[in-house]
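Engineer: Predicted coordinates and the sequence they were generated for:
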Amino acid sequence: MRIMGLDFGSKTVGVAVSDELLITAQGIEIVRRKQENKLRQTLARIEELIVEYGVEELVLGLPKNMDGSEGERVEKTKEFQEMLERRTGLTVHTWDERLTTVAADKAMMEAGIRREERKEHVDRIAAVFILQGYLDYRRNRENEIGEDNL
């Protein structure tokens, strides 16, 4: 089983996928679209990747405001979540993505990637941060449940 992480933006969707043991997340692609409201090709590409990687669940970054409130981007993300669920039949979890783009940019800066090249990768790396956060949470929750049953 694998889980796919998605960083949904107005022009791109960063895509990451877990390993089969659900331990690590790897960035695989950035799906680009010409218009914000044109999602058919984006959804079709995500479906292709779901099949290619054997994905059984999705995690979608939820872009809350820093104070935790939900704005217009959250509404659009939830609409995209509903489209994904209808089209794929898979469960789509949401994950608080505050600061993932900042963390992705910082990681690339520390890796010595030039500023001009960072824009090409930031959405894919943000998807990795979203998925890795979810995988870590899931694993920690399973460990807590396991300890309670001892």
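Structural biologist: Happy to help now that I have it.
Engineer: alpha carbons only for contacts and neighbour counts from here, please
Structural biologist: OK.
Engineer: What ranges does the protein have for its helices?
Structural biologist: 40-53, 72-88, 100-110, 115-148 (DSSP state H).
Engineer: Including distance to Gln26, mean pLDDT and mean neighbour count, could the ones you listed go into CSV?
Structural biologist: Listed next are the helices of the chain as CSV, based on distance: least, CA to CA, whole Å; pLDDT from 0 to 100; neighbours: other CA atoms under 10 Å:
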stretch, distance to Gln26, mean pLDDT, mean neighbour count
helix 40-53, 12, 96, 14
helix 72-88, 21, 94, 16
helix 100-110, 13, 68, 16
helix 115-148, 6, 80, 18
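Engineer: So which of the ones you listed is nearest Arg2?
Structural biologist: For Arg2, the closest of the helices of the chain is helix 40-53, at 7.2 Å, according to CA to CA.
Engineer: a markdown table for the helices of the chain, including distance to Ile3?
Structural biologist: Converted to a markdown table, the helices of the chain look like this (distance: least, CA to CA, whole Å):
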| stretch | distance to Ile3 |
| --- | --- |
| helix 40-53 | 9 |
| helix 72-88 | 13 |
| helix 100-110 | 18 |
| helix 115-148 | 8 |
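Engineer: among those helices, which is nearest Thr12?
Structural biologist: helix 115-148 (7.4 Å).
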